[in-house]
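# have a look at this prediction, sequence included:
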Amino acid sequence: MGAYEPTHCEVVSVEPSYEMIAKRKETMATNVQGFAEKLPFIDNYFDVAMAILTIHHWSDIPKGLAEMQRVAKRKVVLLTWVDDSPKFWLEDYFPKIREIDKRLFPTIKELNQILGRITVEIVEIPYDCTDGFMCAYWRRPYAYLCEDIRKAISAFARLTNVNEGLARLQSDLDSGKWHKKYGKLLGLESLDLGYRLVACDRRIA
Ligand SMILES: C[S@@+](CC[C@H](N)C(=O)[O-])C[C@H]1O[C@@H](n2cnc3c(N)ncnc32)[C@H](O)[C@@H]1O
């Protein structure tokens, strides 16, 4: 496939999965089918390259990040997750969840080695977050009982014994045990659950 050449000021998304592409609304940015590891764009074509909660799915993270640096003139920006946040209550019910994500997400040290000088900002997750990633429902515990919500969270697909954890969550919600232990969260507006905005300047001449 030849390199895609976007028009001025255009946002272009890259998505490998035809199933995901089929779900895109017409109002969304132009999409090009492809992989981060081999971006179908010419060097320095974009001002900024951005990857939102996706690098943990890539087959080769250093290659994908090098590709982002190749196509972006000014900045590479990532939203990712790091394993230095306090325990998320969902781990009570699915103890393997952190271990799974820890294996998939690079550490800040690794990102630093790959990207060079980076800045890292904490992204607190609002209580009514409209995206559906894993910790998005931290203040809406009943949401995790919903199969459609779990289906959009890739970590659940990697877990075994989901039903056992779900039954315990349901039981703790019914009995008030969850509220006794975690009810104080219901008064918070946002929470640090390990999501980080990582940016690196390209500064090319
Ligand atoms: C959790 S979704 C996030 C999607 C989008 N960034 C967003 O915030 O709505 C992760 C996406 O990464 C895509 N993905 C998986 N492997 C990829 C790869 N090698 N290159 C680019 N995208 C990939 C998946 O198909 C999926 O759509």
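Structure received.

# do you know how far the residue most central in space within the chain is from Thr160?
Central residue of the chain (Cα atoms, centre = their mean): Leu53, 2.1 Å from the mean position. The spacing between Leu53 and Thr160, counted by Cβ to Cβ, to the nearest Å, is 23 Å. Quick note: C-beta positions are derived from backbone N, CA and C, even for glycine.

# could you export the lengthiest helix in the chain as CSV, CA atoms only?
If you go by DSSP state H, the chain has its longest helix at helix 162-175. Extracted in CSV, the C-alpha atoms of helix 162-175 (Å, rounded to 0.1, in the frame of the first residue of the first chain):
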residue,chain,number,x,y,z
VAL,A,162,-14.4,-14.3,35.7
ASN,A,163,-17.7,-15.8,36.9
GLU,A,164,-16.3,-16.5,40.4
GLY,A,165,-15.1,-12.9,40.7
LEU,A,166,-18.4,-11.5,39.4
ALA,A,167,-20.4,-13.6,41.9
ARG,A,168,-18.4,-12.2,44.8
LEU,A,169,-18.8,-8.7,43.5
GLN,A,170,-22.5,-9.1,43.1
SER,A,171,-22.7,-10.6,46.6
ASP,A,172,-20.6,-7.8,48.2
LEU,A,173,-22.8,-5.2,46.5
ASP,A,174,-26.0,-6.9,47.7
SER,A,175,-24.8,-7.3,51.2
